[in-house]
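Novice: Just the structure for this:
(chains A and B)
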Amino acid sequence: MVDVLVIGAGGAGLVAALSAKEAGASVRVLSKTYPTRSQTCMAQGGINAALGNVGEDSVKSHYENTLKSAHGIADEKMIDKLCSSAPDILKWLDSIGVPFSRTQEGKIAQRRLGGASASRACYAQDYTGLKILHTLYDQCNAQDIEILSERFLLELLVKDGAVCGAEFLNIKTGEQEQFYAKSVILATGGYSRIYGKNSTNAVGSTGDGIMAAYRAGAKLSDMEFVQFHPTGLKNSSILISESARGEGGYLLSKEGKRFTNELAPRDEVSRAIYDELQNGGEVYIDIRHLGEEFIEHNLPQERKLAKLYEGVDPVFEIIPIKPVAHYTMGGIDVDENSQSSIKGLFAVGECANQKVHGANRLGGNSLLELIVFGREVGKNAFQFAEQNTLTCKVLEPCLSVLNQSIKESSNSSFYQKRDELANELYENVGIKREQKSLTCTLVSLQKLKSELPHLGIKDTNKIYNSELVEFLEFKNMIDLSQMLVQGALKREESRGAHFRVDMPSENAAFKKNRVYYKNGEELCIE
Amino acid sequence: MKINIQRASEITSFSIDIENATLLEVLTYIKTKIDSSLAFSSGCRSGVCGSCAMRVNGKEVLACAYKVQEDDLIEPLRNAPIVRDLVVDMQKSYAFNKVAKAWQTTLNEEKIQTLHVSPQQAQINELQSDCILCGSCYSACPVYSVNPEFIGPFALTRAWRYVSDARQNDVEKTIGAVQEKGIYDCTLCGECIPVCPQNIAPKQDIVMLKNKSGVLGYMDPNFASSFGGFDLSF
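Specialist: Here you go, the predicted structure:
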């Protein structure tokens, strides 16, 4: 039995594992995929720290910008920790070899992103997440940290109110495996993939860790807040980084006119684009004026993506875009030590709600969050493990998920239902919401839930059964969608990324975090 | 459009009605609408996670970055155990990163305070750090196909990334780790270069590692043994 079991090998999971190991813990990491293939590799724009390498900046400004964008439902102490630790975090990343772009003075290069008062996002071209993630992976190799790949989280093992491990499906073999630990850190990412092809996210962002925590009895919070990124490619939803606007790109209407402040926070820009599109328009991002040399040097990935997935070369053409689901602000509710409401269960990264983003996250703060709190959570989990005297007896294994999921005679495909749900969520529970359409989707979800026992998979093979994995993810996504819709219905106001057409202003009565938890089989929202 | 997929020992053909689609879109279409048992892996669908490397008509590509053509033959990567259909086990090639000791030795506080890396210095390993560990280079490598202990292209590129970094203060650790079953086993054939989706040239990085090794006083064992052979013949 290890001291610390880390579930998820993206940025948050790897930092957590490194910090636990550094504190002296025995650590094991399990990942649904391979350690460099998580969502973190898709972060492009940068990581915020008030270094002032490019013009004046201060921790105070970083704090104020973050707080403002959060629209009143963030924890000021946590934001303070986030922003004041940022300069040291960047030193640490520099010390382990993250290949940042540099200024002429030899300092880490920085650029301005939306909602920021200064050039604050440190970057490595537009591959910032990729390069941070790979450097972290290399450090895990240096520290000899065990990482087991292709394990799908089924359930957390909880005994007497404390977590003692988790059960996984080994995707490669089809076997179900239990791993015991004195403490568990969830770093399993968000759930933007409920919006299917209307999301920038990797196919694995299906909220499995959040749902496992919920089923085990952990409290969640702020599940109604989903960030829509203003600039997904029109056809594929693939992300064009905020750095494209940060470096001076314009948003243009069908008539070729600028219509909004490109560097406002993401919720505002997304709504402006949405309105333009609703009025029968098209919206484009234009970076032609930045010039080929600049684009090749600073935005190489954006050019590659636009050419490949939209068939336009941004050096010469404007890029058609639309806002798409990008980041889920809510998640597993945690205290200042990143511990959930279940003893010994910690959470970090997008799956956790550290209450630093509130109702709308600022670009450049998610990479920062996972490292600031990842550095802490490993130590905290080890501290818990050292004092944990509970002996975990071997628990009953879960029933075979394969046998339970096979429905060879089923006529309807869950894949079709999954895509239908994704589109309905984008229409009705997306950038703009209202009671009527929310209620409509809630009814659809109840219907889907009642059909679920008749849905299943046809592939009976144990080995690498990705239909099974995707079916299990789909079940998680249905439950997450229900939470999202119910939360959105209950929040009878507009705040940050949650915009109600029927109640377009903020209401002080709702200036608080909402907690989601399971009571018997019922979802309660308070 | 017809597309052929190598599955276990046989080739299955599918007729599909989509044009101008990426291979990943086509595979997803087949899985969700025609045959749900088709196994392949994918992630970001935008060329940055490295999950969907496979071969088309014998050449390594990322499925998400390749536009399907009529009658294409799709096969899994070579030189890795096939798990199922187009999915291979990456465990072994990943492990070579550790064998090559491709990481930076963490700098101390004093060194960080005085750190200065010019844009020119940063550019030295900018390309190498674009690597996404997709495994295309191991699939294409003729040395690795006959010598499964060869450290291999992406791990050696990664080694050079850290050796060439201006901040690295322990170059010898990595250089020492790539001597055996490493840089000298490479024949510099260059097969790894055209298959890299990130335009990295592992061969060049291996040449750089050889040069650096020479500077540090390491000897090419092939060179040494040929001298040995020369001696013996007399």
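Novice: for whichever residue of chain B sits closest to chain A, helix, strand, or coil?
Specialist: Nearest to chain A in chain B, going by C-beta to the nearest C-beta, is B:Gln104, at a distance of 3.2 Å. Any C-beta I mention is one placed from the backbone N, CA and C, and that applies to glycine too. Look at B:Gln104: counting by DSSP: H, G, I helix; E, B strand; the rest coil, its state is coil.
Novice: How about the contacts made by it?
Specialist: B:Gln104 makes contact with A:95-97, A:135, A:138-139, B:162, B:165, B:167-168, according to C-beta atoms under 8 Å, 6 or more residues apart in numbering or on different chains.
Novice: Closest one of those residues to A:Val226?
Specialist: A:Thr135 (29.4 Å; C-beta to C-beta).
Novice: Looks like that closest one contacts A:Val98 (just checking).
Specialist: Yes - the criterion here is C-beta atoms under 8 Å, and A:Thr135 meets it with A:Val98 at 4.7 Å.
Novice: Run through the strands of chain B in chain order.
Specialist: Ranges of strands in chain B, per DSSP state E, are B:2-7, B:10-15, B:53-56, B:59-62, B:72-75, B:82-84, B:87-88.
Novice: Figure out which of these is closest to A:Gly248.
Specialist: For A:Gly248, the closest of these is strand B:59-62, at 30.2 Å, according to C-beta to C-beta.
Novice: Just confirm yes or no for that closest one near chain A.
Specialist: No - judged by C-beta under 8 Å from any C-beta of the partner chain, strand B:59-62 makes no contact with chain A; its nearest approach is 10.1 Å.
Novice: That strand pairs with which strands?
Specialist: According to DSSP bridges, strand B:59-62 forms sheet pairs with strand B:53-56 (antiparallel).
Novice: pLDDT of the partner strand, averaged?
Specialist: Averaging pLDDT along strand B:53-56 gives 98.
Novice: again with stretch A:468-484
Specialist: 98.
Novice: can I get the CA coordinates of that stretch in CSV?
Specialist: Only the C-alpha atoms of stretch A:468-484 are listed here, as CSV (Å, rounded to 0.1, in the frame of the first residue of the first chain):
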residue,chain,number,x,y,z
LEU,A,468,-16.7,0.1,-23.1
VAL,A,469,-14.6,3.0,-21.9
GLU,A,470,-16.6,5.4,-24.0
PHE,A,471,-19.9,4.0,-22.7
LEU,A,472,-18.7,4.4,-19.1
GLU,A,473,-17.6,8.0,-19.9
PHE,A,474,-21.0,8.6,-21.5
LYS,A,475,-22.8,7.5,-18.2
ASN,A,476,-20.6,9.9,-16.3
MET,A,477,-21.4,12.7,-18.8
ILE,A,478,-25.2,12.2,-18.4
ASP,A,479,-24.9,12.6,-14.7
LEU,A,480,-22.7,15.7,-15.0
SER,A,481,-25.1,17.2,-17.5
GLN,A,482,-27.9,16.8,-15.1
MET,A,483,-26.0,18.6,-12.4
LEU,A,484,-25.1,21.3,-14.8
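Novice: what about that stretch and chain B, any contact?
Specialist: No - on the criterion C-beta under 8 Å from any C-beta, stretch A:468-484 is out of touch with chain B, staying 8.6 Å away.
Novice: Go ahead and measure how far that stretch is from the middle of the chain.
Specialist: Distance of stretch A:468-484 from the chain centroid (C-alpha atoms, centre = their mean, to the nearest Å) equals 16 Å.
Novice: Stretch A:429-436 now?
Specialist: Averaging C-alpha positions (C-alpha atoms, centre = their mean) puts stretch A:429-436 21 Å from its chain's average.
Novice: Chain B contacts on the stretch 301-450 of chain A?
Specialist: Residues of the stretch 301-450 of chain A lying close to chain B (C-beta under 8 Å from any C-beta) are A:301, A:304-305, A:308-309, A:413, A:415-416, A:419.
Novice: In helices, which of these appear?
Specialist: Those of those mapping onto helices are A:301, A:304-305, A:308-309, A:415-416, A:419, per DSSP state H.
Novice: which SS state does A:Ile321 fall under?
Specialist: strand.
Novice: likewise A:Arg193?
Specialist: Assigned by three-state DSSP, the conformation of A:Arg193 is helix.
Novice: if we can go back for a sec, show me just the buried residues among the ones in helices among the residues of the stretch 301-450 of chain A next to chain B.
Specialist: Buried members of these, scored by 16 or more other C-beta atoms under 10 Å in any protein chain shown, are A:301, A:304-305, A:308-309, A:415.
Novice: Can I get those residues in TSV including pLDDT?
Specialist: TSV is the format used below for those (pLDDT from 0 to 100):
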residue	pLDDT
A:Gln301	91
A:Lys304	93
A:Leu305	94
A:Leu308	93
A:Tyr309	94
A:Tyr415	97
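Novice: next helix or strand past the helix or strand A:Phe346 falls within?
Specialist: A:Phe346 belongs to strand A:345-347 when assigned by DSSP states H and E. Reading on from strand A:345-347 to the C-terminus, the next helix or strand found by DSSP H and E is strand A:352-353.
Novice: Which other helices and strands does the helix or strand that comes right after that next one contact?
Specialist: Once strand A:352-353 ends, the next helix or strand along the chain (criterion: DSSP H and E) is helix A:365-387. Applying 3 or more C-beta pairs under 8 Å, 6 or more residues apart in numbering or on different chains; DSSP states H and E, we find helix A:365-387 packed against strand A:2-7, helix A:11-23, strand A:47-48, helix A:76-95, helix A:128-142, strand A:176-186, strand A:345-347.
Novice: let's go with 6 Å and repeat that
Specialist: Packing partners of helix A:365-387 (3 or more C-beta pairs under 6 Å, 6 or more residues apart in numbering or on different chains; DSSP states H and E): strand A:2-7, helix A:11-23, strand A:47-48, helix A:76-95, strand A:176-186.
Novice: Quickly run through the sheet partners of the helix or strand following the second one, with directions.
Specialist: Spelled out, it's helix A:11-23. For helix A:11-23, the succeeding helix or strand toward the C-terminus, using DSSP H and E, is strand A:27-30. Taking DSSP bridges as the criterion, strand A:27-30 sits next to strand A:2-7 (parallel), strand A:146-148 (parallel) in its sheet.
Novice: Alpha carbons of strand A:27-30, in PDB - could you do that?
Specialist: Extracted in PDB, the C-alpha atoms of strand A:27-30 (Å, rounded to 0.1, in the frame of the first residue of the first chain):
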ATOM      1  CA  VAL A  27       3.800   7.400  -4.700                       C
ATOM      2  CA  ARG A  28       1.900   5.600  -7.500                       C
ATOM      3  CA  VAL A  29       0.300   7.400 -10.400                       C
ATOM      4  CA  LEU A  30      -2.500   6.000 -12.600                       C
END
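Novice: okay but A:Leu133 is in contact with A:Gly11, surely?
Specialist: Yes - contact criterion C-beta atoms under 6 Å: A:Leu133 and A:Gly11 qualify, at 5.4 Å.
Novice: Pull up the overlap in contacts between the two.
Specialist: Jointly contacting A:Leu133 and A:Gly11 under the rule C-beta atoms under 6 Å, 6 or more residues apart in numbering or on different chains are A:Thr40.
Novice: For A:Asn423, what is the enclosing helix or strand?
Specialist: Assessed by DSSP H and E, A:Asn423 sits inside helix A:414-428.
Novice: So which bits of that helix are buried?
Specialist: Of the residues in helix A:414-428, A:414-415, A:417-418, A:421-422, A:424-426, A:428 count as buried by neighbour count, 16+ other C-beta under 10 Å.
Novice: Beyond that helix, next helix or strand please.
Specialist: Sequence-wise, the next helix or strand downstream of helix A:414-428 (DSSP H and E) is helix A:435-451.
Novice: quick check: mean pLDDT across that next one?
Specialist: 97.
Novice: Can you name the element that comes right after it?
Specialist: Following helix A:435-451 in sequence, per DSSP H and E, is helix A:466-490.
Novice: which helices and strands sit right next to that next one?
Specialist: So helix A:466-490, by 3+ C-beta pairs under 6 Å, 6+ apart, packs with helix A:208-215, helix A:401-405, helix A:414-428, helix A:435-451.
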